[in-house]
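> Here is the input, now give the coordinates:
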Amino acid sequence: MDENLILTADVLSLCPDLNKGQMSNGVFVVKNVQTQTYLAINEEQWSVLNAFAGEQTVPGVLEVSIRGRTCPTLCEYYELILKACRASILRSDQVVPVRRTANRWVVPLPWKLMLPLTAALMIAALVAIVLLHGALSTAWIDLAIGWAATCGALSAGYAGAASILRAGGCEVYRPRLRWRTPVPHFTADLSDGRMAERSLRQALELAKFAPLAGAVAGALLAHKNWSLIPLVTLLLALHPLAGGSVAKLVQLFRRRPLLDTDHDFLFHQNRLPTARLRTAWRVFEWRTAVAQVAYGIGWILLGAHVVYEACGLSLEDTLTNLAYWEKAGVWLAGAVLAAALLGLACLFWQSVWSGVRTLRQRWQRFWRRWHHGAELQANEAEIKRLIRENPLLRRLKPDAQAEFVRELKPFAAKAWSRILSFDEAPAQVGLITSGAATVYRRAKSGRRVPYLRLAEGDLFGVQGMVDSNHPRLEVRTKTPLRAMVLPAAVFQRIVIDRLGSVDVFNLAHKHVLLQRSKLCHSWRPQAISRFTQIADVVSYSAGDKIIQKGAETKAFYLVSEGEVTVLNGVRRIARVKAGGFLGEIGLLQNSVSTADVEAGEDTRCLVVSKNEFMRFMSHNYHVALQLERVSSRRLGHPIFPLSPLSFDTR
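As a prediction, the model looks like this:
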């Protein structure tokens with residue numbers, strides 16, 4: 001399943017052949033009857049899926065949801081879409097589903113009668129195990145009888161569970177003999193029980209092993225020699241780990257049943273350790289957790305009791321031996337600590353490794369700049385690579401690129417040196433191959449103001465040639481710098497005259513500005529290029545009103561130079577300097593502005609209209625997630641889901 005394709009371009013539609021199961025505390029299961037696949041959701045998620053009743057794309061539905069103020073949290077939204085696609089609840093024409101047919105099961109058993117009976121058999125087995133005294137037989141004839149009894153009891157359990165399922169109005173799938181196991185037995189797919197009410201599902205989980213529990217209870221209480229294999233099989237079947245029958249049974253007692261979007265994540269953002277921990281805390285219920293821990297401890301003690309009795313030892317003597325626990329306690333605590341550290345390592349190793357890799361790359365770049373930047377010159381292969389990666393130069397035709405390379409000459413400068421000044425027009429344009437530099441503009445007061453930050457692969461000298469507001473700029477190096485330069489007149493002929501000054505300004509100024517801004521530093525290159533195309537440069541004089549309180553938010557603003565002031569009446573709330581942005585909260589909430597925003601000095605902003613912003617954000621899910629995170633931090637609470645009555649929408 002291609003996550004990026006599904007979340008950006010695939011056309012999806014809601015499968016028409018769906019059934020809804022019994023609702024339990026606001027949660028129900030949707031089943032695709034044709035493929036026998038299931039999805040546990042709530043009413044809000046069902047309304048999102050219903051938006052795909054006609055053929056729709058994921059970005060299109062997201063945009064409509066935001067405008068209609070019905071959007072859930074974005075991680076939940078994308079997880080829901082991926083889970084629904086995997087379960088064939090949402091389908092694409094490119095995917096051909098595999099049809100599964102239900103089997104005819106003619107022996108129904110009323111679950112209301114079977115639930116107390118199966119529970120009684122389980123309790124009887126536990127009592128018999130606790131009362132177990134004496135060694136268990138390991139003679140081959142006793143093992144053979146116990147093995148046969150186990151096979152028969154497991155088969156009877158699954159047959160009884162299938163009968164209970166059928167009596168509850170659900171379907172039985174794939175009845176078969178499971179013979180590739182140490183204990184061959186009859187089994188069936190009982191997953192259709194998810195459509196039933198809680199009590200029936202409890203009866204299903206108990207019924208699968210109730211005959212085996214009855215066999216164990218009868219054998220132990222009657223002192224039968226063949227009870228070893230049924231006893232061990234029952235203990236293994238009732239293990240407390242996730243995915244076991246007991247874990248499923250405990251989950252059925254939750255006040256709020258788990259949704260499929262709460263676990264086993266498909267969306268990459270939800271698989272991050274911090275996201276998984278947040279979700280685990282959100283769905284945590286202490287009663288369920290206590291029950292699982294208590295059962296786990298009881299299961300361990302029960303298993304230890306069986307092992308001790310089989311070896312002719314007394315577990316009670318060991319538990320009451322203080323001298324033994326004084327010696328073993330240190331080792332036990334060490335084992336628990338080691339297991340906890342191992343779990344944390346497994347959870348966070350990807351994040352730690354990513355951080356180490358990032359630090360290594362930064363150190364390598366730092367070392368290359370300061371120890372080799374001014375001495376080494378780029379070879380032809382490296383120059384061609386930089387041209388291919390530069391968003392402006394790669395637009396040139398091959399013959400123009402070849403001419404561009406021929407005109408280049410090597411250039412080197414020391415750290416903290418000036419390579420272009422305010423007093424002269426740029427005489428040359430350079431392609432940085434190693435190092436970093438800063439472009440400065442001159443404010444009205446005459447002071448220097450940082451304008452752009454340049455790094456490997458960027459051009460210097462071209463900004464003043466295409467920016468009519470700032471034809472004279474200064475460029476200073478921050479590290480030893482090496483570059484390949486050519487005369488400005490040649491650059492004008494090869495690049496600007498062919499591509500046009502507008503495209504050159506967009507890619508040599510706006511694109512670089514976005515690359516270095518905090519907003520876009522993690523964006524993909526395609527997203528930055530698209531934002532460059534849709535953003536207009538708008539100039540404001542000091543005191544101009546950019547956003548008016550009480551008016552609909554009509555655009556997204558990224559301050560490229562100057563600063564703006566956010567006002568509540570006459571009180572200043574905040575200042576947004578170059579590189580900052582605003583307007584995203586009103587756009588995501590589809591609400592009016594709650595404050596005035598005006599230019600504090602002569603200011604230029606990259607402005608994206610509401611329609612373009614919504615389309616851009618919904619088609620770039622990593623951008624949408626970032627804006628959701630930033631907006632939630634600014635608001636002090638999650639921006640999604642929205643309440644229809646929380647703002648004056650217009």
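> contacts, neighbours, all on C-alpha from now
OK.
> Could you tell me whether Gln34 really is in a helix?
No - counting by DSSP: H, G, I helix; E, B strand; the rest coil, Gln34 is not part of a helix but coil.
> just for this structure, where's the confidence low?
94-97, 134-135, 372-378, 643-650 (pLDDT under 70).
> list the contacts for Gln401?
By C-alpha atoms under 8 Å, 6 or more residues apart in numbering, the contact set of Gln401 is 387, 393-394.
> Can you give me the buried ones in stretch 389-403?
390-393, 395-396, 400-401 (16 or more other C-alpha atoms under 10 Å).
> And the spatially most central residue of the chain, how close does it get to Val570?
Central residue of the chain (C-alpha atoms, centre = their mean): Gln269, 1.8 Å from the mean position. To Val570, Gln269 is 41 Å away according to C-alpha to C-alpha, to the nearest Å.
> And for Glu380?
Distance, Glu380 to Val570, using C-alpha to C-alpha: 59 Å.
> which residue sits closest to Val623 in space, ignoring its chain neighbours?
Met617 (6.0 Å; C-alpha to C-alpha, 6 or more residues apart in numbering).
> The one you found contacts Ala624, correct?
Yes - using C-alpha atoms under 8 Å, Met617 is in contact with Ala624, at 5.2 Å.
> Count the residues that sit near the closest residue to Ser632 other than its chain neighbours.
Nearest non-adjacent residue to Ser632, counting by C-alpha to C-alpha, 6+ apart: Pro638, 4.6 Å away. Neighbour count of Pro638, defined by other C-alpha atoms under 10 Å: 15.
> OK, contacts around Pro638?
So Pro638 contacts 628-629, 631-632 (C-alpha under 8 Å, 6+ apart).
> Mind checking which of the residues you listed are buried?
Buried among the contacts of Pro638 by 16+ other C-alpha under 10 Å: 628-629, 631.
> Pretty sure Lys112 sits in a strand.
No - assigned with three-state DSSP, Lys112 falls outside any strand and is helix.
> circling back: present the contacts of Gln401 as JSON lines; the columns should include distance to Thr118 and secondary structure.
JSON lines is the format used below for the contacts of Gln401 (distance: C-alpha to C-alpha, whole Å; DSSP: H, G, I helix; E, B strand; the rest coil):
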{"residue": "Ile387", "distance to Thr118": "73", "secondary structure": "helix"}
{"residue": "Leu393", "distance to Thr118": "75", "secondary structure": "helix"}
{"residue": "Arg394", "distance to Thr118": "72", "secondary structure": "helix"}
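> Relative to Tyr38, which of the residues you listed is nearest.
Closest approach to Tyr38 among the contacts of Gln401 (C-alpha to C-alpha): Arg394, at 48.1 Å.
> follow-up on the earlier one: mind listing which of the contacts of Pro638 are in helices?
Among the contacts of Pro638, DSSP state H puts 628-629, 631-632 in helices.
> Present these as JSON lines; the columns should include distance to Leu236.
Formatted as JSON lines, the ones in helices among the contacts of Pro638 follow (distance: C-alpha to C-alpha, whole Å):
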{"residue": "Glu628", "distance to Leu236": "45"}
{"residue": "Arg629", "distance to Leu236": "44"}
{"residue": "Ser631", "distance to Leu236": "49"}
{"residue": "Ser632", "distance to Leu236": "46"}
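> between these, which is nearest Ile129?
Ile129 lies nearest to Arg629 out of these, by C-alpha to C-alpha, at 53.4 Å.
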